[in-house]
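Undergrad: sharing a sequence plus its predicted fold:
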Amino acid sequence: MNYRNIHIGNLIEKSVSESNIELSRICNFFHCTEKEVGEMYLCSSLDAEILLKWSKLLEYDFFRIYSQHLILYAPPSPRMKNASSEEKKTELPRFRKNIYTREVIDFVLEQIKNGEMTRAEIVIRYKIPKTTLHKWIGKYSQ
């Protein structure tokens, strides 16, 4: 999976074909025509409300694809670089950035295996603790 360039319509279309859901059921669920469903498959991005409906219908969290992109490619924010002891108060929910899925682990280990990045570069770029990286190498490397 290429998390750098996400074409959500293609991914939804693949998921629909894998789950064997009838097009008529999709049209009823979205209250739209077959042509409109086909247009969604061609879109590289979709409105969050529509993506939420697809996630529910196909029982797959399409938002997580974007979360993986943020984990792998988003630069650290200036707030993170100059982190002080006091947390800024916000009413928004707080999420841990470093929730490592199997895809992320495989991606990181592939970088090391192919010689694209060293262990030290991985630790610095993706902010993965050295001990975590060493555990992954021991557990998942073949």
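TA: Received it, and whenever you're ready, just let me know what you need.
Undergrad: quick one, domains of this protein?
TA: Listed by automatic domain parsing, the domain ranges of the chain are 8-63, 97-142.
Undergrad: where does pLDDT dip in the chain?
TA: Scanning the chain for pLDDT under 70 picks out 75-87, 93-99, 142.
Undergrad: all strands for it, in order.
TA: For the chain, applying DSSP state E gives no strands.
Undergrad: all helices for it, in order.
TA: 8-19, 23-30, 34-42, 48-58, 63-73, 78-81, 102-113, 119-126, 130-140 (DSSP state H).
Undergrad: quick one: the ones you listed as CSV, columns for mean neighbour count too.
TA: (Glycine included, C-beta is placed from N, CA and C.) Formatted as CSV, those follow (neighbours: other C-beta atoms under 10 Å):
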stretch, mean neighbour count
helix 8-19, 15
helix 23-30, 13
helix 34-42, 13
helix 48-58, 15
helix 63-73, 15
helix 78-81, 9
helix 102-113, 16
helix 119-126, 14
helix 130-140, 13
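Undergrad: Leu92 is nearest to which of those?
TA: Checking the helices of the chain against Leu92 by C-beta to C-beta gives helix 78-81 as the closest, at 13.4 Å.
Undergrad: so who does Met40 touch?
TA: 9, 12, 46, 50, 54 (C-beta atoms under 8 Å, 6 or more residues apart in numbering).
Undergrad: list the contacts for the fourth one?
TA: The neighbourhood of Ile50, defined by C-beta under 8 Å, 6+ apart, consists of 30, 40.
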